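> Could you look at this predicted model? Sequence included:
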Amino acid sequence: GAVVSQHPSWVICKSGTSVKIECRSLDFQATTMFWYRQFPKQSLMLMATSNEGSKATYEQGVEKDKFLINHASLTLSTLTVTSAHPEDSSFYICSVTPGTTTYEQYFGPGTRLTVT
Amino acid sequence: GENVEQHPSTLSVQEGDSAVIKCTYSDSASNYFPWYKQELGKGPQLIIDIRSNVGEKKDQRIAVTLNKTAKHFSLHITETQPEDSAVYFCAAGDDKIIFGKGTRLHILP
């Protein structure tokens, strides 16, 4: 499998501030990365597909101006939660896919965000 | 869009026995069916996957079966061990996958 890192692993921030989460593909270049959100004891919900060099594709109901995604290189995608509120508290997980001819997704360890 | 149903939500089996988790999907265009294991506080780990042109796949104690006609697929874990305790997610799709709600598997000593 692939090695994917996320930073930070956990973060606490105050309401109204912004938080940036990094996702790195450590052993291959990833044209496409995905961002998911997971509430406690629930499933993973796809938020957006991050494409290197182009705008991210957001799922229905996900505010693109609140969850800013930047995929500036083939090994790094960032998710910025802007003007965070307590309801944004969640576990955010990224995944990478090795290429365009395969569907496997390899997940990072996740980032737990708590907004106070 | 795709909708994935997963059962049961919780499963307890005696160590050494087999565990079976079942999923159904709605979109006949889905071609890829992975299974993930997630331990507390960690990201999901891909444990096995199957594509629509294959009916069954096995990797040591883990096997997955797919019935495209009925739109259902299952995960089978044999000779369960304590370290198999975790939450298991099925998913369906292709370049984009939709997850089931998960099954919390408890291996009883």
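Done, it's in.

> Residue nearest the middle of chain A, spatially speaking?
Against the mean C-alpha coordinate of chain A, by C-alpha atoms, centre = their mean, the closest residue is residue A:35 at 3.5 Å.

> Enumerate every residue touching the residue nearest to that residue when sequence neighbours are not counted.
Of all residues not flanking residue A:35 in the chain, residue A:47 sits nearest, at 4.6 Å (C-beta to C-beta, 6 or more residues apart in numbering or on different chains). Quick note: C-beta positions are derived from backbone N, CA and C, even for glycine. Residue A:47 makes contact with A:35-37, A:58-59, A:62, A:67, A:79 under the criterion C-beta atoms under 8 Å, 6 or more residues apart in numbering or on different chains.

> Mind checking which of those residues are in strands?
A:35-37, A:58, A:67, A:79 (DSSP state E).

> re earlier: tell me the contacts of the residue nearest to the centre of chain A?
A:23, A:46-48, A:50, A:67, A:69, A:77, A:79, A:92-94 are the contacts of residue A:35 under C-beta under 8 Å, 6+ apart.

> For beta bridges, what are the partners of it?
residue A:48, residue A:94 (DSSP bridges).

> now it: how far from residue A:91?
Separation of residue A:35 from residue A:91 (C-beta to C-beta, to the nearest Å) stands at 12 Å.

> And for residue A:39?
7 Å.

> give me the number of residues near residue B:5?
Here the number of neighbours of residue B:5 (other C-beta atoms under 10 Å in any protein chain shown) works out to 14.

> that's a helix at it, yeah?
No. Using DSSP: H, G, I helix; E, B strand; the rest coil, the assignment for residue B:5 is strand, not a helix.

> So for it, what's the pLDDT?
On pLDDT, residue B:5 comes in at 97.

> Hmm, residue B:71 and it touching each other?
No. Applying C-beta atoms under 8 Å as the test, residue B:5 and residue B:71 come out as separate, 10.0 Å apart.

> Fine by me, we can end here.
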